[in-house]
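Chemist: whatever this is, show me its structure:
(2 chains)
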Amino acid sequence: MSMLNNALSGLQASQYALNVVSQNVANMNTDGYSRQQAIMAARTTSSFSGADGGVDVTAVQRISDSYVNAALWRAQSDNGYDNERATLFDQVSSVLGSDSLNINNSLDDFYAALNAASESPADIAIRQEVIAAAGSLSEQFQQITGQLQVQTSQADDAAQATVTNINTAAANIARLNEKIVTIQAKGGDTAALADQRDNEVLSLSQYVSVATQPQHDGSYTVTLDNGQPLVMGHQSGTMALTDNQLTVAFGNELFQAHDVGGSLGANRDYLNNELADYQQQLDQLAGDIGEQINSQLQNGFDLNGEAGQALFVFDSTAPASTLSVNPDLGAEQLAFTGSDDNGLPAGGTGNNDNLLQMLDMGDDFYNDYSHLISGVAVSSGQAQTQATASATMLDNATARRDSISGVNQDEEAASLMSYSQSYQANAQVISTADRLFNTLLGMF
Amino acid sequence: MRVSSGQIAQTVINGLSRQGGKYAQVLEQMSTGYRINNIADDPLGSTLLIGLDREQSTLTQYQSNIDSTQSTLQRSESNLNSSLDVMNRVQQLVLQGNNGSYSAEDRQAMAAELESLRDSLINFGNAVDESGHYLFSGSQLDTPAIGVDEDNTPFYQGDSQQRQVQVAAGVQVPGNVSVEQIYFGNNDFLTSLDTYIDELNTIDANQSVPSGASMIDTVNSTMDSLNQTLTDIGSTISSITRLKSAQSDLQLVNDKITGNIRDLDYADAATKVNQIQLTLTATQQTYTRLNNLSLFNYM
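Modeler: Below is the predicted model:
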């Protein structure tokens, strides 16, 4: 009675397919869930009639495209990088671009005081104003440096936290690899585990850019872009960040890692390149101001006809964070009077030759700072644009992945209808077979 | 193209958050009144703003230099004007003294007045500014311009330096004048005056004063020199006043440019807010409609 058997297999296959549909519907809103499909095939038969055997569910296929997934992970890494970079730049541009922390404003005050002194070089109140303005200028340098240092240490903390997340994700992937390999060897269902593992790779990709190679045993080998291994089979590496140096320890080997991409890569690139460069420019400017003003003052003479002294004191290895006003300098010791060919005062206390020289230096200082700020503004603007662009790329890559692996309600509803119908049809066939059998029995 | 149900929701969420982000940005702009709230909002504009700020503050510094130079020069001017009044009287007295028809008493009275006029001239020459610095002694601010030795002979004890003050890009003007050339130039007026006073006191009636003729010349050339100095001061003041007004005009222009770059166009912003709201509403409505479209509703 192949009719009965055929129908029974159809009934079972429909039921199985309905099961798969219910699983899809249940996971419609599960992040990273890959929809499944029951694959059916006609049973092969050895009989001559050809119409017996029925149907088999040969596999439950997890619908997933490894190229599309890889593209998504890549987009996630790019977005992780650009987004982190934009965030860091947003911080630095709000520090350096703010009105309250602005070297140019302090330079304005300092030069306003020097200008006032050029008209009244011997006026003690105006001289005190010059010293006070020099003090504010120094403080401004210290504060900005302080803010940049806060940003550095916050970024370092964030990097440490990211490294921890990377190690956790790598360990999770290794653990899932192990389970998948074991279950796959026994022919079991690994769909849910595979989804979990892809999710782990996705979150890992946000932190660092990785290459993922599926292996024959079902495991993933995950390496950093430059080849340092993070996961092989059930083993995972341990990343560490010490003394600004990234390493991956895998087994007994230790690899140096650099240009790692993702948010960690953006973090390290920014700290070691741009932020270091901004700090360096700031130090350069603070050092220039201190050195040039001091040396000009030392060429001149003060109200008492004594040789000039330094206005600023600073540590030349870190000028911006140490710039301050010489505490031993009194207002009348500011050497505004120039010197003549014999190295003597060029005039009385009303001589401002030396002061005019200092006024001339202002332009360079302003220009250097403006150059720094416009550099920050341009880079920061680019970073924001880049982040917006790569967010769109990520949206697109996610959409591409979802269009393949995501659940569509209507599709599932249609499957639900179609498998319900095939279930009913097979039931009808069984009932018909039963009637045929009864008819046959009734003949006797 | 196959579209998953989650994708539709995600597209809507992305759209809503994108519009939300734009909304927040416009609101920040409207609350500050600035189009640029972070230098990264418009790097080129920010760079221009830095330049404009710098120019504005430089102009402000020049203007305050102009103000203080002007006030010093006006103080000098008023002292020199008073000196000129004194010189007019000196001129009258010398003309009278040269006239032989005066009695010895008359001449002694003239000599006494000339003596006090001489002291006035020295006083005006030793005028100080608001902080007690001498106006007319060059760079020797703490030294009176005119001193007298044991014989009561006046001499110049300042120097001839003129302090340059920056009043515009590349423009420096002298911020002080000295009385050295006026009183101690070729004619050495004050010394000649002392000689003349001596002679007035001592010569007999009906005799002419020996230095009388040359004294008139000396008085005239000293007055010319005073007038010349006053003219110089006047022209410096008028040129820096013109500069200041030109700078004020420039500042207005800069303010306007700064406003154009930095300030928010509220009408534009209001339109943007409307657009965003429209898009938000449309997205929300589309989403609810799409959500109602499900094959499950027809089973």
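Chemist: for the closest residue to chain A within chain B, give me phi and psi.
Modeler: Nearest residue of chain B to chain A, counting by C-beta to the nearest C-beta: residue B:4, 2.5 Å away. C-beta here means a position set from N, CA and C on the backbone, and glycine is covered the same way. The phi/psi pair for residue B:4 (degrees, to the nearest 10) reads phi -80, psi 160.
Chemist: can you tell me, leaving aside adjacent residues, what's nearest to it?
Modeler: residue A:406 (2.5 Å; C-beta to C-beta, 6 or more residues apart in numbering or on different chains).
Chemist: burial measure for that neighbour, as a count.
Modeler: 25 (other C-beta atoms under 10 Å in any protein chain shown).
Chemist: show the model's pLDDT score for it.
Modeler: pLDDT, residue A:406: 93.
Chemist: so the residue of chain B closest to chain A touches residue A:400, yeah?
Modeler: No. Assessed by C-beta atoms under 8 Å, residue B:4 is found out of contact with residue A:400, at 10.8 Å.
Chemist: report how many residues lie close to residue B:290.
Modeler: Neighbours of residue B:290 (other C-beta under 10 Å): 14.
Chemist: that one sits in which helix or strand?
Modeler: Here residue B:290 sits within helix B:266-292, counting by DSSP states H and E.
Chemist: equivalent analysis for residue A:247, please.
Modeler: With DSSP H and E as the criterion, the answer for residue A:247 is strand A:245-250.
Chemist: partner strands of that strand and their direction?
Modeler: Strand A:245-250 has its sheet partners listed here by DSSP bridges as strand A:238-242 (antiparallel), strand A:253-257 (antiparallel).
Chemist: and the residue of chain B closest to chain A, how many neighbours does it have?
Modeler: 22.
Chemist: list the residues that contact residue A:419.
Modeler: Neighbour list for residue A:419: A:14, A:17, A:18, A:21 [criterion: C-beta atoms under 8 Å, 6 or more residues apart in numbering or on different chains].
Chemist: now residue B:241. Nearest residue, chain neighbours left out?
Modeler: That would be residue B:70: by C-beta to C-beta, 6+ apart, it lies 7.1 Å from residue B:241.
Chemist: packing partners of the host helix or strand of that neighbour?
Modeler: Using DSSP H and E, residue B:70 sits in helix B:43-98. When contacts are defined as 3 or more C-beta pairs under 8 Å, 6 or more residues apart in numbering or on different chains; DSSP states H and E, helix B:43-98 packs onto helix A:103-119, helix A:353-405, helix B:104-125, strand B:164-168, helix B:189-202, helix B:212-262.
Chemist: let's see that with 7 Å instead.
Modeler: helix A:103-119, helix A:353-405, helix B:104-125, strand B:164-168, helix B:212-262 (3 or more C-beta pairs under 7 Å, 6 or more residues apart in numbering or on different chains; DSSP states H and E).
Chemist: residue contacts, residue A:403?
Modeler: Neighbour list for residue A:403: B:1, B:2, B:3, B:4, B:7 [criterion: C-beta atoms under 7 Å, 6 or more residues apart in numbering or on different chains].
Chemist: and the pLDDT for the first one?
Modeler: I take that to be residue B:1. 77.
Chemist: just confirm it is within a strand.
Modeler: No. Assigned with DSSP: H, G, I helix; E, B strand; the rest coil, residue B:1 falls outside any strand and is coil.
Chemist: which non-adjacent residue is nearest it?
Modeler: That would be residue A:403: by C-beta to C-beta, 6+ apart, it lies 5.9 Å from residue B:1.
Chemist: and the gap between that neighbour and residue A:207?
Modeler: Applying C-beta to C-beta, to the nearest Å, the value for residue A:403 to residue A:207 is 26 Å.
Chemist: same check on residue A:88?
Modeler: From residue A:88 to residue A:207 the distance is 15 Å (C-beta to C-beta).
Chemist: looking at these two, which is more packed in?
Modeler: residue A:207 (28 against 24).
Chemist: please state the backbone phi and psi of the more buried one?
Modeler: According to degrees, to the nearest 10, residue A:207 has phi -90, psi -40.
Chemist: helix or strand for residue A:174, which one?
Modeler: helix A:124-185.
Chemist: quick check: angle from the one helix or strand residue B:25 maps to to helix A:353-405?
Modeler: If you go by DSSP H and E, residue B:25 is part of helix B:5-32. Per axes from the mean of the first three to the mean of the last three C-alpha atoms, to 10 degrees, the angle that helix B:5-32 makes with helix A:353-405 is 160 degrees.
Chemist: in helix B:5-32, what counts as buried?
Modeler: With burial defined by 16 or more other C-beta atoms under 10 Å in any protein chain shown, the residues of helix B:5-32 counted as buried are B:5-8, B:10-12, B:14-16, B:18-19, B:22-23, B:26, B:29.
Chemist: residue B:148: what's it in contact with?
Modeler: So residue B:148 contacts residue B:154 (C-beta under 7 Å, 6+ apart).
Chemist: bridging residues for it?
Modeler: Beta-bridge partners of residue B:148, as defined by DSSP bridges: residue B:154.
Chemist: how near is it to residue B:156?
Modeler: 11 Å.
Chemist: now do the same for the closest residue to residue B:149 other than its chain neighbours: its pLDDT.
Modeler: What sits nearest to residue B:149 in space, not counting adjacent residues and going by C-beta to C-beta, 6+ apart, is residue B:155, at 6.5 Å. The model reports residue B:155 with a pLDDT of 94.
Chemist: tally of neighbours for residue B:155?
Modeler: Neighbour tally, residue B:155, other C-beta under 10 Å: 13.
Chemist: could you measure from residue B:137 over to residue B:127?
Modeler: 10 Å.
Chemist: spatially central residue for chain A, please.
Modeler: residue A:263 (2.2 Å; C-alpha atoms, centre = their mean).
Chemist: and for whichever strand or helix holds that one, what's in contact with it?
Modeler: Assessed by DSSP H and E, residue A:263 sits inside helix A:262-269. Residues from elsewhere that reach helix A:262-269 (C-beta under 7 Å, 6+ apart): A:77, A:80-81, A:83-85, A:155, A:158-159, A:162-163, A:166, A:205-209, A:246, A:259.
Chemist: residue ranges with poor pLDDT in the chain?
Modeler: You didn't say which chain, so I picked chain A. The model of chain A has pLDDT under 70 over residues A:1, A:45-51.
Chemist: in it, which residue sits nearest chain B?
Modeler: For chain A, C-beta to the nearest C-beta, closest residue to chain B: residue A:406, 2.5 Å.
Chemist: dump the residue contacts of that residue.
Modeler: Residue A:406 sits in contact with A:35, B:4, B:6, B:7, where contact means C-beta under 7 Å, 6+ apart.
Chemist: what does the stretch 301-444 of chain A have sitting close to chain B?
Modeler: Residues of the stretch 301-444 of chain A found near chain B (C-beta under 7 Å from any C-beta of the partner chain) are A:347-352, A:356, A:359, A:366, A:370, A:373-374, A:376-378, A:380-381, A:384, A:395, A:398-399, A:402-403, A:406-410, A:413-414, A:417.
Chemist: cheers, nothing more for now.
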